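Asks: Sequence and predicted structure below; questions after.
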Amino acid sequence: MTIHLKTILLMGLFSFLFGCKNTDKTQQTNAQVKLENITARLDPQEGWQDIFLKITSDTKTDSSHIYIAKGLYFNKTVGVQIEVSSEIGAGIINGELEGDSGFVSNAVQLTSIGQESDELVKALAELYGFPTNKGFTKETIPTTAFSLNETPVNLDKNGYYKLKLFFGEDDENLYSELYLNINTQKKEIEIHEKDEEYREPIIKVWTK
C-alpha cells in the first residue's frame with residue numbers, strides 16, 4: 001500500500017484546475033440503442049469480470065461530456081451517469097508516461113441515475129463475489145484519472161480512449177483502481193478490472 005500512497009501524493013502534483021461550467025449544454029440521445037447483457041463479452045478463461053454499457057445519452061458542457069450508460073443484467077436494466085472531463089491530455093508520449101498531462105484530478109465522476117444504478121452496483125457486486133443489498137451511493141463519486149492514450153482525449157471525435165481510474169485515494173482501506181474505456185464511435189463504455197484485490201473496496205466506494 002505504500003507504493004499506492006506515494007502514487008497518490010505524486011498525482012496531487014499533476015492535478016488540473018477546472019473552471020465553472022457553462023449553463024449551455026448540448027444533448028444527444030440515442031433513442032434507437034439496443035441494450036445488451038453487460039457480461040456478453042466476458043471470457044471465462046481470462047477470469048476478469050469486465051462489463052460493457054451502451055451510451056444512451058451524451059450531454060456536452062463547456063468542460064465535459066456527461067454520459068448515461070446502460071445495459072442489461074438478468075433482464076433488468078442497469079446504468080450509471082459518467083461525467084468525463086474534456087481536459088484530459090496524453091498520458092503516454094514517445095513510449096514514456098507523462099504525468100503532467102496524463103493525471104487529472106476529478107476527471108471522471110460517477111453519479112446514480114436511480115434504481116438502474118442500484119441494480120448496476122448489485123450486479124457488479126455479484127460478479128465480484130461480494131454481494132450487497134445496498135444501492136448505489138447518493139453522492140457523486142469523483143476519481144482521479146490517468147490517460148493511457150498517446151494523444152489528448154477528444155470526446156467530440158470518434159475514437160477509443162482508455163483511462164485508469166483511482167478510487168478512495170484518501171482511505172487505504174478503500175483505495176482501488178478500474179479501467180474505463182470509452183468508444184465514442186460505437187457509443188459504448190467498458191469497465192475493466194485492474195486487480196481482483198480491488199473488488200471489495202470498489203463495491204464499498206460505490207455503496208458508501
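Replies: Looks like it came in fine.

Asks: Would you map the strands across the chain?
Replies: 26-29, 51-60, 64-73, 76-85, 92-93, 96-97, 103-111, 141-147, 160-167, 176-183, 188-193 (DSSP state E).

Asks: So what touches the fifth one?
Replies: Residues outside strand 92-93 that contact it (C-beta atoms under 8 Å, 6 or more residues apart in numbering): 98, 101-102, 147-150. Where you see a C-beta, it was placed from the backbone N, CA and C, and this is true even at glycine.

Asks: Then the fourth one?
Replies: Residues from elsewhere that reach strand 76-85, judged by C-beta under 8 Å, 6+ apart: 16, 18, 35, 38, 53, 56, 63-72, 104, 106-113, 116-117, 119-120, 123, 136, 145, 153, 155, 163, 180, 182, 189.

Asks: and stretch 75-85, which residues are buried?
Replies: Neighbour-count burial for stretch 75-85 flags 78-85 (criterion: 16 or more other C-beta atoms under 10 Å).

Asks: Kindly apply the preceding question to stretch 95-103 instead.
Replies: 98, 101-103.

Asks: so can I have CSV of the residues you listed showing distance to Trp206 and pLDDT?
Replies: Formatted as CSV, those follow (distance: C-beta to C-beta, whole Å; pLDDT from 0 to 100):
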residue, distance to Trp206, pLDDT
Glu98, 29, 85
Ser101, 28, 84
Gly102, 24, 91
Phe103, 22, 94
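
Asks: No more questions from me, cheers.
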